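Novice: sequence and predicted model, in that order:
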Amino acid sequence: MKRTVVASMIGLALCAGSVLSTAQAATAKRPNLVIILADDLGYGDLATYGHRIVKTPNIDKLAQEGVKFTDYYAPAP
């Protein structure tokens, strides 16, 4: 009888702990991440990187509010 009560209490404690950890994980705020990949787009082909003719207002706004990467290195044999 005592073993059943102890086992039940341990099981109840484990269930309560898993519910609390799930609730905490759900409230954690995840960052927004947008990756824009274009096949044939050069460094200077967007207004945010200095192009004077092409107008890209939405990409410019994303660049102003977020992170803009300027240096890339691609190893090639």
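Specialist: Structure received. Numbers count the residues shown, from 1 in each chain.
Novice: which non-adjacent residue is nearest Thr70?
Specialist: Once flanking residues are discounted, Thr70 sits nearest to Tyr49: 7.9 Å by C-beta to C-beta, 6 or more residues apart in numbering. For every residue, glycine as well, the C-beta is placed using N, CA and C.
Novice: quick check: which ranges of this structure have low pLDDT?
Specialist: Across the chain, residues meeting the criterion (pLDDT under 70) sit at 1, 5, 8-9, 11-28, 77.
Novice: tell me how it divides into domains.
Specialist: When the chain is parsed with automatic domain parsing, its domains come out as 1-29, 31-69.
Novice: roughly how far does Leu46 sit from Ile10?
Specialist: With the distance defined as C-beta to C-beta, to the nearest Å, Leu46 ends up 60 Å from Ile10.
Novice: typo on my end, Arg30
Specialist: According to C-beta to C-beta, Arg30 stands 33 Å off from Ile10.
Novice: higher neighbour count, the two?
Specialist: Ranked by neighbour count (other C-beta atoms under 10 Å), Arg30 and Ile10 place Ile10 first, with 10 against 5.
Novice: figure out the helix or strand that that one lives in.
Specialist: Assigned by DSSP states H and E, Ile10 falls within helix 2-27.
Novice: following that helix, which helix or strand comes up?
Specialist: Sequence order places helix 57-65 as the next helix or strand after helix 2-27, per DSSP H and E.
Novice: show me how far that next one is from its chain's centre.
Specialist: Chain-centre distance of helix 57-65: 18 Å, with C-alpha atoms, centre = their mean, to the nearest Å.
Novice: list the buried residues of it.
Specialist: Burial within helix 57-65, assessed by neighbour count using 16 or more other C-beta atoms under 10 Å, is assigned to Ala63.
Novice: which other residues reach it?
Specialist: For helix 57-65, contacts defined as C-beta atoms under 8 Å, 6 or more residues apart in numbering pick out Val34, Ile36, Leu46, Ala47, Thr48.
Novice: most widely separated two among those residues?
Specialist: Across the contacts of helix 57-65, no pair lies farther apart than Val34 and Ala47, at 17.5 Å, counting by C-beta to C-beta.
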